[in-house]
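Asker: Next comes the sequence, and after it the predicted model I'd like to discuss.
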Amino acid sequence: MDDLMVSTQVSTSGMKAQATRLRVVSENIANADSIGSSPGEAPYRRKTLSFKSALNREIGAEVVKVNKISTDRSDFEKRYDPNHPASGADGYVQLPNVNPLVEMMDMREAQRGYEANLNAMQISRQMISKTVDMLK
């Protein structure tokens, strides 16, 4: 029974990590067109996150956690638009380093990870329920 409780908590940690990933991806998508409003002002910079394995001493098992949320330091794209208020002296506007296609793929992967953890947790709960029923 303890192993089933542990698996439920491990799945819960995975769901929390994927939910954070979904929030970061959603923020990136929402800001995919956020550019500066004055010359030299940087546009939105894509956020990334990494996971880590951590020992949960309470349950005695490794769980997944968000290690850190950082910014993608890749170069901004540039578009020639001399009439835009954020264009530099050369007439180019810096665009966010967010690729909506990559973000949608990342969102889909996070969704699948969340669903897999949810299914594992539901199966563990069903097994716990059946075990309790057998003990009655």
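Answerer: Nice, thanks for sending it over.

Asker: residue nearest the centroid of the protein?
Answerer: When the chain is reduced to its mean C-alpha position, the closest residue under Cα atoms, centre = their mean turns out to be residue 21, at 1.2 Å.

Asker: My guess is that residue contacts residue 103. True?
Answerer: No. Assessed by Cβ atoms under 8 Å, residue 21 is found out of contact with residue 103, at 11.0 Å. Backbone N, C-alpha and C define where each C-beta goes, glycine included.

Asker: just the helices in this structure please.
Answerer: 2-30, 100-135 (DSSP state H).

Asker: could you dump those to a markdown table with mean pLDDT?
Answerer: Formatted as a markdown table, the helices of the chain follow (pLDDT from 0 to 100):
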| stretch | mean pLDDT |
| --- | --- |
| helix 2-30 | 93 |
| helix 100-135 | 93 |
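
Asker: Need those in TSV (columns: distance to residue 89).
Answerer: Rendered in TSV, the data for the helices of the chain read as follows (distance: least, Cβ to Cβ, whole Å):
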stretch	distance to residue 89
helix 2-30	29
helix 100-135	29
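
Asker: quick one, which of these is packed in tightest?
Answerer: Using mean count of other Cβ atoms under 10 Å, the stretch among these with the greatest mean number of neighbours is helix 2-30 (a mean of 17).

Asker: Report the contact partners of the closest residue to residue 79 other than its chain neighbours.
Answerer: The shortest distance from residue 79 to any residue other than its chain neighbours is 5.3 Å, reached at residue 93 (Cβ to Cβ, 6 or more residues apart in numbering). With contacts taken as Cβ atoms under 8 Å, 6 or more residues apart in numbering, residue 93 has the following neighbours: 35-36, 78-81, 84, 86-87.

Asker: Out of those, which is nearest to residue 3?
Answerer: Of all these, the one with the least separation from residue 3 (Cβ to Cβ) is residue 35, at 51.9 Å.

Asker: quick one: that closest one from residue 26, how far?
Answerer: Residue 35 sits 19 Å away from residue 26, going by Cβ to Cβ, to the nearest Å.
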